[in-house]
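>>> sequence first, then the predicted structure:
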Amino acid sequence: MSALSYVTGDRHSAWSTYLAQVERVLPLLGDLGDWADTLRHPKRALIVDIPLEMDDGSVRHFEGYRVQHNLSRGPGKGGVRFHPNVTLEEVMALSAWMTIKCAALNLPFGGAKGGIRVDPATLSQKELERLTRRYTSEIGLVIGPQQDIPAPDVGTNAQIMAWMMDTWSMNVGATATGVVTGKPVHLGGSLGRVKATGRGVFVTGCRAAAMLGIDVTQSRVAVQGFGNVGSVTAELFHAQGAKVVAVQDHSATLYHAEGLDIPALTAWQQAHGSIAEYPDADRIADEHFWTLEYEILVPAALEGQITAARAEQLACQLILEGANGPTLPDADDVLQQRGIVVVPDVIANAGGVTVSYFEWVQDFSSFFWSEEEINQRLDGIMQGAIDTVWQKAAALDTTLRTAAYAVACERILSARKDRGLYP
Ligand code: GLU
């Protein structure tokens, strides 16, 4: 194994977490393991400087990235993150998780991810547009409908995808809707895309709950992160009759023993920008979130949230990873010992990229499906994926994460092996 000169080696970095997850699957891969080093090396990593003219006329520079981790199975696919903590190493890990996710779901894509180290909340709408357009121009050479297709992630949305699509299209001289997914529906976007990630968390979660004998309608749920993923997941569990007893975001941790009124909380968040001042709940200390009584935990915020210490304290039976990389490897060991089942990110949150795939296919054929058709296909693919991984975990006597990696790595490394090296 050769270490990369440009990684810090920080034990708790997202990239270290990914590498540790890969190490665990290697003994299960047989001869394909000979090709495993390919998983430890991102194929391509682009760092770009984005000079931005601010509204006051001054110029500030931002650092942006696009990493294509692996393209063995198809074009790169993965979101773009705008967040103040974005680093090259984080984007590398996020791109690698996309490689595993697309292969685990058998979508015909490799893995990629992009990002800009910026707090988008500090920019005006015009500044955000100029930032997005310059970033898109800078990464324009490596993206494209057949090369690498960006999408929304933390801090980005359909409007940002519209600007990306327009910028890339202007530069090539033709409208190319298939260059990004997660666009507005009237610009070649897909019905169902906005709610797809949360829906996938819910669908895989219900399947896993049934396998564990948990009655979702009687269950208590805690959700960390109340953005696009967390809020939709909470809404679907609430609609199913579950009690969402705790919700945490960057501003507060809310608790209600009888279950929060999720539609009211969502409306409050949309009106006020955060859940901090929501009146119909108790505010509790942030760390208390991890020690409350609930059956199902949905981490749907950022990486590295479930540490070994928190894993020791959890009282839940099932964890559904709405975020990418929320559980550290030593926490995975604790959860396994304690019999707490984790539906890993590469399965649980794959609903978003699955409907991105539908969007890309619809853009190519210029023929659009109904929302009912999208949701039916999505549910079928998500249920198939969790069932396959559940059976694999039973056959290998391992965790769902390692089983998902086994399914995915067999696909990725078979493709790598059969393509061979060129030149
Ligand atoms: N950002 C999402 C993810 O982490 C979606 C990526 C996509 O649709 O390409 O899976």
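Perfect, thanks for sending it.

>>> can you count the residues close to the closest residue to the ligand within the stretch 301-423 of the chain?
Residue nearest to the ligand within the stretch 301-423 of the chain (C-beta to the nearest ligand atom): Ser356, separated by 3.2 Å. From N, CA and C alone the C-beta is placed, and that goes for glycine too. Per other C-beta atoms under 10 Å, the neighbour tally for Ser356 reads 29.

>>> please name the residues that touch it.
Residues in contact with Ser356, defined by C-beta atoms under 8 Å, 6 or more residues apart in numbering, are Lys77, Ile149, Ala151, Thr181, Gly182, Ser190, Arg193, Ala196.

>>> give me the distance between Arg310 and Pro51.
41 Å (C-beta to C-beta, to the nearest Å).

>>> compare the two and say which is more crowded by neighbours.
Taking neighbours as other C-beta under 10 Å, Arg310 and Pro51 compare with Arg310 leading, 18 against 12.

>>> so the more buried one touches Ala331, yeah?
Yes: using C-beta atoms under 8 Å, Arg310 is in contact with Ala331, at 6.9 Å.

>>> pass me the low-pLDDT residue ranges in the chain, would you?
Under the criterion pLDDT under 70, the flagged ranges of the chain are 1-2.

>>> next, Arg66: secondary structure please.
Classification of Arg66 using DSSP: H, G, I helix; E, B strand; the rest coil returns strand.

>>> let the chain start at 796 from now.
Renumbered: residue one is now 796, and that last one reads Arg861.

>>> that one touches Ile938, doesn't it?
Yes: with contact defined as C-beta under 8 Å, Arg861 reaches Ile938; the gap is 6.9 Å.

>>> what touches both of the two?
In contact with both Arg861 and Ile938: Pro945, using C-beta under 8 Å, 6+ apart.

>>> what strand or helix carries the residue of the stretch 1096-1218 of the chain closest to the ligand?
Taking DSSP states H and E as the definition, one finds Ser1151 inside helix 1146-1160.

>>> buried set for that helix?
Gly1146, Gly1147, Val1148, Thr1149, Val1150, Ser1151, Tyr1152, Phe1153, Glu1154, Trp1155, Gln1157, Asp1158 (16 or more other C-beta atoms under 10 Å).

>>> which of the contacts of Ser1151 fall within helices?
The helices, defined by DSSP state H, take in Arg988, Ala991 from the contacts of Ser1151.

>>> and which of the contacts of Ser1151 is nearest to the ligand?
Nearest to the ligand among the contacts of Ser1151, with distances taken as C-beta to the nearest ligand atom, is Ala946, at 3.3 Å.

>>> correct me, but Gly950 touches Arg912?
No: Gly950 lies out of contact with Arg912 (C-beta under 8 Å); the separation is 10.7 Å.

>>> between these two, what contacts are shared?
With C-beta under 8 Å, 6+ apart, Gly950 and Arg912 have common neighbours His878.

>>> quick one: neighbours of the closest residue to the ligand within the chain, just the number.
Across the chain, the shortest distance to the ligand (C-beta to the nearest ligand atom) belongs to Gly874, at 2.8 Å. When neighbours are counted by other C-beta under 10 Å, Gly874 registers 26.

>>> pull the contacting residues for Val975.
So Val975 contacts Ile944, Pro945, Ala946, Met956, Met959, Met960, Trp963 (C-beta under 8 Å, 6+ apart).

>>> quick one: which of the residues you listed sit in strands?
Among the contacts of Val975, the ones falling in strands (DSSP state E) are Ile944, Pro945, Ala946.

>>> bridged to the second one, which residues?
Translated: Pro945. Gly873 (DSSP bridges).

>>> can you pull the contacts of it?
Pro945 makes contact with Arg861, Gly873, Gly874, Val875, Ala907, Gly909, Ile938, Met956, Met959, Val974, Val975, Thr976, according to C-beta under 8 Å, 6+ apart.

>>> enumerate the positions of stretch 1098-1114 that are buried.
Glu1098, Gly1099, Gln1100, Ile1101, Thr1102, Arg1105, Ala1106, Leu1109, Cys1111, Gln1112, Leu1113, Ile1114.

>>> now secondary structure and distance to Asn880 too, for those, in JSON lines please.
Formatted as JSON lines, the buried residues of stretch 1098-1114 follow (DSSP: H, G, I helix; E, B strand; the rest coil; distance: C-beta to C-beta, whole Å):
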{"residue": "Glu1098", "secondary structure": "coil", "distance to Asn880": "9"}
{"residue": "Gly1099", "secondary structure": "coil", "distance to Asn880": "11"}
{"residue": "Gln1100", "secondary structure": "coil", "distance to Asn880": "13"}
{"residue": "Ile1101", "secondary structure": "strand", "distance to Asn880": "18"}
{"residue": "Thr1102", "secondary structure": "coil", "distance to Asn880": "17"}
{"residue": "Arg1105", "secondary structure": "helix", "distance to Asn880": "19"}
{"residue": "Ala1106", "secondary structure": "helix", "distance to Asn880": "23"}
{"residue": "Leu1109", "secondary structure": "coil", "distance to Asn880": "25"}
{"residue": "Cys1111", "secondary structure": "coil", "distance to Asn880": "27"}
{"residue": "Gln1112", "secondary structure": "coil", "distance to Asn880": "31"}
{"residue": "Leu1113", "secondary structure": "strand", "distance to Asn880": "28"}
{"residue": "Ile1114", "secondary structure": "strand", "distance to Asn880": "23"}
